[in-house]
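S.K.: here is the input, now give the coordinates:
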Amino acid sequence: MDWRNNWKMQAENCYAQAVVCLGRAELDQAKHYGEKAIELYERVRIETLQDAAPTRMQIFGIYLPDIMHEDVVKKKLGL
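M.R.: Below is the predicted model of the structure:
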């Protein structure tokens, strides 16, 4: 597995964890995981639709949007 794909998977995990934390009203934790997801997506440098496609459809019971990048995370989590 290449480093970009690894960072992308980590970003997806952080996004899903942030959504789980939001559901539990753990706002500080949600913000922490959301910011980490944004940082990881910025490292990946999403440039194409193929880059933006999530590696998985669901993580921790959370369905990922069809397109994932730092701006999606910001909008979905209100960051």
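
S.K.: now do the helices in this protein.
M.R.: Taking DSSP state H to define them, one finds helices in the chain at 3-23, 27-44, 49-52, 70-77.

S.K.: now the third one: how far from the chain's centre is it?
M.R.: In terms of C-alpha atoms, centre = their mean, to the nearest Å, the centre of helix 49-52 is found 14 Å from the chain centre.

S.K.: number the chain from 707, please
M.R.: Let's use 707 as the start, then, which means that last one is helix 755-758.

S.K.: now it: average pLDDT?
M.R.: Taken as a whole, helix 755-758 carries a mean pLDDT of 91.

S.K.: the second one now?
M.R.: Mean pLDDT, computed over helix 733-750, is 96.

S.K.: so which elements touch it?
M.R.: Contacts defined by 3 or more C-beta pairs under 8 Å, 6 or more residues apart in numbering; DSSP states H and E place helix 733-750 against helix 709-729, helix 776-783. In this view, the C-beta of every residue, glycine as well, is placed from N, C-alpha and C.

S.K.: put together JSON lines for those helices, with distance to A743 on each row.
M.R.: As requested, these are exported to JSON lines (distance: least, C-beta to C-beta, whole Å):
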{"stretch": "helix 709-729", "distance to A743": "4"}
{"stretch": "helix 776-783", "distance to A743": "5"}
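
S.K.: dump those helices to CSV, plus mean pLDDT.
M.R.: As requested, the helices and strands packed on helix 733-750 are arranged in CSV below (pLDDT from 0 to 100):
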stretch, mean pLDDT
helix 709-729, 94
helix 776-783, 94
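
S.K.: for I744, find the nearest of those.
M.R.: For I744, the closest of the helices and strands packed on helix 733-750 is helix 776-783, at 4.6 Å, according to C-beta to C-beta.

S.K.: what's the neighbour count on the spatially closest residue to V778 that is not a sequence neighbour?
M.R.: Excluding its sequence neighbours, the residue lying closest to V778 (C-beta to C-beta, 6 or more residues apart in numbering) is P771, at 5.7 Å. Using other C-beta atoms under 10 Å, P771 has 13 neighbouring residues.
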